[in-house]
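>>> next comes the sequence, and after it the predicted model I'd like to discuss.
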There are 4 protein chains.
Amino acid sequence: MDSTNSRREQLRIVIFQNDTPAGRRFDKTLLVVILFSLIVVVLDSIPAVHANYGDWLAYAEWGFTAIFIVEYLLRLYCSPQPLKYAFSFYGLVDLLAIVPGILALYYSDAQYLLIVRVIRMLRIFRVLKLSPYLKQANYLLSALRGSKQKIIVFLLTVSTLVVVFGTLMYVIEGPEHGFTSIPKGIYWAIVTLTTVGYGDIVPRTAVGQMLSALVMITGYSIIAVPTGIFTAELATAMRGEQLKHDCPVCSKNTHEHGAAFCSRCGNALFPRVENKA
Amino acid sequence: MDSTNSRREQLRIVIFQNDTPAGRRFDKTLLVVILFSLIVVVLDSIPAVHANYGDWLAYAEWGFTAIFIVEYLLRLYCSPQPLKYAFSFYGLVDLLAIVPGILALYYSDAQYLLIVRVIRMLRIFRVLKLSPYLKQANYLLSALRGSKQKIIVFLLTVSTLVVVFGTLMYVIEGPEHGFTSIPKGIYWAIVTLTTVGYGDIVPRTAVGQMLSALVMITGYSIIAVPTGIFTAELATAMRGEQLKHDCPVCSKNTHEHGAAFCSRCGNALFPRVENKA
Amino acid sequence: MDSTNSRREQLRIVIFQNDTPAGRRFDKTLLVVILFSLIVVVLDSIPAVHANYGDWLAYAEWGFTAIFIVEYLLRLYCSPQPLKYAFSFYGLVDLLAIVPGILALYYSDAQYLLIVRVIRMLRIFRVLKLSPYLKQANYLLSALRGSKQKIIVFLLTVSTLVVVFGTLMYVIEGPEHGFTSIPKGIYWAIVTLTTVGYGDIVPRTAVGQMLSALVMITGYSIIAVPTGIFTAELATAMRGEQLKHDCPVCSKNTHEHGAAFCSRCGNALFPRVENKA
Amino acid sequence: MDSTNSRREQLRIVIFQNDTPAGRRFDKTLLVVILFSLIVVVLDSIPAVHANYGDWLAYAEWGFTAIFIVEYLLRLYCSPQPLKYAFSFYGLVDLLAIVPGILALYYSDAQYLLIVRVIRMLRIFRVLKLSPYLKQANYLLSALRGSKQKIIVFLLTVSTLVVVFGTLMYVIEGPEHGFTSIPKGIYWAIVTLTTVGYGDIVPRTAVGQMLSALVMITGYSIIAVPTGIFTAELATAMRGEQLKHDCPVCSKNTHEHGAAFCSRCGNALFPRVENKA
């Protein structure tokens, strides 16, 4: 209850929560900083920009790293359990946001640091905490979770199709038409089945073209499957703030949120036990 | 109530409304003129046509501009609040329809005027006022509005995927395979994730092809998400889901579709008429 | 009632209807003949096959033409109103099936006859009369008919997008990157928006690539619109063998096929008028 | 009831069923072996890997073949009707898994054996027996079965479109733009309609590009049809649509979902329990 503790607590509310105006302002500021740091990474990768403004962008990167270090230390300071935070998912993402800036001091041209610098982007999803997006994201996630097993069955079928078709094309077309190995054939089958169709490897023989026509029509038709699965689940998830309870008389199993009587048979959903007398 | 005013009022009904035969005829005539002016722009951009008929098309353009000027002045004249009209969305679009014709008198080869001339096309949506399209467009718009937040969550996820995958490919494939910068990688990721697949930039390394197979299958699967969102919203918009009827006992005014009894008080919502005896 | 008339009537039942075993056998035989005549056309277009078997295929074509002539004459003979049949849609298609064979006697290399010979394929849809496909086709057609106005609104929006984006790209990229005219730009915009992505014309400038990324994401997202429209309509059409009648008491407007009482309020849907006493 | 028979029975339960821990362990082990044998096939097709590790992969293949032979003999041994098993679908697939290994002893470079070796992958679907995937797969299969006739009507329409458009393009574009025969035109039409868009054959003439724009928009729109069909069927399969309950008066046994009164006799389907007084 001393002033240090209450200051830490206030800071924690601003940094970790978003139900106060100050907390929302902090989140929004952080979002802007993250986006700017991302833009710097992207711009720096363009040769012409790097040649002319490379130094300025490096200074900016140091600036962003400094901001993220301060933020990380503040989070550690005001977190009630610093270690638990440090090893949580977001704690690690926050740490990752600092690492490349520090490593870059030693290895100046490390390409692979780029990936870490871009992973900072994941921090944007902290901002999704801002309602009302959270609720909508939850609908989508619960629909995805509900359809997980169906999606696995679907992906297993697609994988089988892709391996079988890829092997067939490798045997039919052969290395002289670009199908140099079975993995290449599988790559072609995925490019075709998903209707992407780069055109870097295409069938040249009549049999190969007939087979690929089959693959295309299959891919064109079975896209209906994930769509159907997800739509049906999402419709359920959106109707879904329902009361799940079997009516003791007619067995109707879903009811309006807050229903006391069954809308089908009019009987009380939860019979009164006579224990007041 | 003098004759000028009533003539202005009559003109206003013809020009701005479409519930009289004359108003509908005016709208249809305007539609035809707009389409013809569009065809002139399109034809004029073809080198062979421009060389042979360029002059005639320029005369036609002047003619259309004259028509649009007269129409704009008439709209200003008969509008009850000319200034409010002039600065409304459609007022500005109507003005834009005139500008290129006038500017073209001074700058004969201004390419960028083309865009303004094509924006005239937006005026076609005035005609959508013609029922029964308006009602159908409203269903679509209300479904889009209802799914706005879900769509934003979806687009945010897609953006993150595209940036991360684009950066990964830039690091993996490098400039020698066409991935000259991160923006180029992001462009490739969008081309692949949306299943467009131009084939102007394609992965050449084994790791790059494995990663792009992942991007393709992701793109092929998550197209289910906007489709599911929109379908579920549209089905809701078209049904109207709930029964609106006051319960005779407790006055609860919305009920489950198909409810026979009030879920709050358990009383029958509708009286039985005794005509079976 | 003389024997000629009854033979004509019997023939008519076999040829025009499909509710007798003989009628179904006739339809199936015709289907096989049509498919074979189609295969002959397709094979004849392959240079290697034409060089080696061109004569045999020509004989086969004459054979099929003979069969179709006999069939056409029989249809005319046993039709109760020969003229009405001759000018009906299928009558004309049946006639078209004969014409190319006859014309080919005079003009041996007429490429355009090919199209007419392929249009014979439309006759396959006669076979769709075979239940149970007819019922399913009706579901699909009624869903399409129900969504017609929404589809028109959608196509109008797509057309506008395509024209505006095509013009923008023509201005931005210009003839040196393949965008030689606005129609070419519109062609590119359609290739991109529909996610076909041939790659014959691709953006080369940074601004062009950003714009095309926008077109792709638009195309990827708005495919949800026709899908959602059609799904919602089809679900209605499939539920749709329902009795449409407002319940006089509770106004429930759709009921089970054959319902006598409202399933929501239990009242008679069609009150008994007391006119028996 | 002697010990041999009971051992056979125990073995049968482990090998053919999956409701005991031992049975599930057997299935999972088999799955791993199948996947490894598949990886060996795929790796062996890469020239660089084949050159360096070809011998090792051949030894591995012999090992897998030995395992599959033992498994096949065990299945024959413990099956109650060995012949019936041997000629069942899975019995033949199990046999196929052995054949290539044995044949490879005689013909060392037989490319076509590859296909048989990959078909082993179908054995993965044995593992789908593992609940809860079976139930989900059944939903998908029953939705597919329910929409079979609609899908056939759809595929018939697509086939007709593809043949007609392919022929038109062959006539319009001709051999000089890659449309060397009608089958080539049909191949192009499938590539375009399914929105794959390789770009190996593209229209060059203005008329051809207009026609292909039509094909693209058709393909982009009608993908809504299989999606709509499947979604509507799946929603039905997941809901179970009708209320199964015998009417106490007239014994009508299926009713509208949410029915409170019988639509045939108008009597209440469910009695009111008097617990409100």
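Nice, I can see it. Owing to the predicted nature of the structure, the values given are computational and were not obtained by experimental measurement.
>>> return the residues in contact with the residue nearest to residue A:68 when sequence neighbours are not counted.
Leaving out its chain neighbours, the residue that sits closest to residue A:68 by CB to CB, 6 or more residues apart in numbering or on different chains is residue A:97, at 4.6 Å. Any C-beta I mention is one placed from the backbone N, CA and C, and that applies to glycine too. Each residue near residue A:97 by CB atoms under 8 Å, 6 or more residues apart in numbering or on different chains is listed here: A:68, A:72, A:120, A:123.
>>> thought the third one was touching residue A:95?
Spelled out, it's residue A:120. No - taking contacts as CB atoms under 8 Å, residue A:120 lies outside contact range of residue A:95: 11.0 Å.
>>> more neighbours, these two?
The neighbour count for residue A:120 versus residue A:95, taken as other CB atoms under 10 Å in any protein chain shown, is higher for residue A:120 (22 against 15).
>>> gap between the residue lying closest to the more buried one once chain neighbours are set aside and chain C?
Take residue A:120 and drop its neighbours on the chain: the residue closest to it by CB to CB, 6+ apart is residue A:97, 4.6 Å away. Distance, residue A:97 to chain C, by CB to the nearest CB, to the nearest Å: 26 Å.
>>> which secondary structure state does the residue in the stretch 101-250 of chain A that chain C sits nearest to sit in?
Closest to chain C within the stretch 101-250 of chain A is residue A:199: 5.8 Å, counting by CB to the nearest CB. Three-state assignment for residue A:199 (DSSP: H, G, I helix; E, B strand; the rest coil): coil.
>>> which residues touch it?
With CB under 8 Å, 6+ apart, residue A:199 has these contacts: B:197, B:199, C:198-199, D:197-200.
>>> the residues you listed: which two are farthest apart?
Farthest-apart pair in the contacts of residue A:199 is B:197 and D:200; separation 12.5 Å (CB to CB).
>>> so where's the stretch 151-277 of chain A uncertain?
Scanning the stretch 151-277 of chain A for pLDDT under 70 picks out A:239-244, A:251, A:253-254, A:256-258, A:272-277.
>>> contact residues of it facing chain C?
A:195-199, A:227, A:231 (CB under 8 Å from any CB of the partner chain).
>>> how about 10 Å then?
Counting by CB under 10 Å from any CB of the partner chain, the residues of the stretch 151-277 of chain A close to chain C are A:195-200, A:206, A:223-224, A:227-228, A:231, A:235, A:263-264.
>>> what is the burial count for residue A:61?
18.
>>> that one touches residue A:53, doesn't it?
No - between residue A:61 and residue A:53 there is no contact under CB atoms under 10 Å: 11.9 Å.
>>> hey, what's the closest residue to residue A:266 other than its chain neighbours bridged with?
Counting by CB to CB, 6+ apart, the nearest residue to residue A:266 once its immediate chain neighbours are dropped is residue B:261, at 3.4 Å. Under DSSP bridges, the beta-bridge partners of residue B:261 are residue B:268.
>>> top helix in chain A by residue count?
Assignment by DSSP state H gives helix A:47-78 as the longest helix of chain A.
>>> stretch A:22-36 close to chain C?
No - no part of stretch A:22-36 sits close enough to chain C to count as contact by CB under 10 Å from any CB; the gap is at least 16.8 Å.
>>> quick one: is that stretch near chain B?
No - Stretch A:22-36 does not reach chain B (CB under 10 Å from any CB); its nearest approach is 10.7 Å.
>>> then stretch A:84-96?
No - counting by CB under 10 Å from any CB, chain B is not contacted by stretch A:84-96; separation bottoms out at 12.5 Å.
>>> tell me the buried residues in that stretch?
A:85, A:91, A:93-94, A:96 (16 or more other CB atoms under 10 Å in any protein chain shown).
>>> can you list those in JSON lines and add pLDDT?
Below are those laid out as JSON lines (pLDDT from 0 to 100):
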{"residue": "A:85", "pLDDT": "86"}
{"residue": "A:91", "pLDDT": "84"}
{"residue": "A:93", "pLDDT": "80"}
{"residue": "A:94", "pLDDT": "83"}
{"residue": "A:96", "pLDDT": "80"}
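>>> now the residues you listed in TSV, with secondary structure?
Listed next are these as TSV, based on three-state DSSP:
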residue	secondary structure
A:85	helix
A:91	helix
A:93	helix
A:94	helix
A:96	helix
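>>> re earlier: and the longest helix of chain A, average pLDDT?
When pLDDT is averaged along helix A:47-78, the result is 89.
>>> and if you look at stretch A:14-33?
On average, stretch A:14-33 scores 84.
>>> wait, isn't residue A:20 in contact with residue A:14?
Yes - in this structure, residue A:20 is within contact of residue A:14 by CB under 10 Å, at 7.0 Å.
>>> hey, what's in contact with both of these two?
Residues touching both residue A:20 and residue A:14 by CB atoms under 10 Å, 6 or more residues apart in numbering or on different chains: residue A:26.
>>> residues contacting residue A:119?
For residue A:119, counting by CB under 10 Å, 6+ apart, the contacting residues are A:93, A:96-97, A:99-100, B:160, B:163-164, B:167.
>>> just checking, residue A:229 touches residue B:224?
Yes - in this structure, residue A:229 is within contact of residue B:224 by CB under 10 Å, at 7.2 Å.
>>> shared neighbours of those two, anything?
Joint contacts of residue A:229 and residue B:224 (CB under 10 Å, 6+ apart) are A:143-144, A:147, A:151, D:231.
>>> got those as CSV, with secondary structure, neighbour count and distance to residue B:27 columns?
Shown next, in CSV, are these (DSSP: H, G, I helix; E, B strand; the rest coil; neighbours: other CB atoms under 10 Å in any protein chain shown; distance: CB to CB, whole Å):
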residue, secondary structure, neighbour count, distance to residue B:27
A:143, helix, 25, 43
A:144, helix, 19, 46
A:147, coil, 24, 46
A:151, helix, 19, 49
D:231, helix, 34, 37
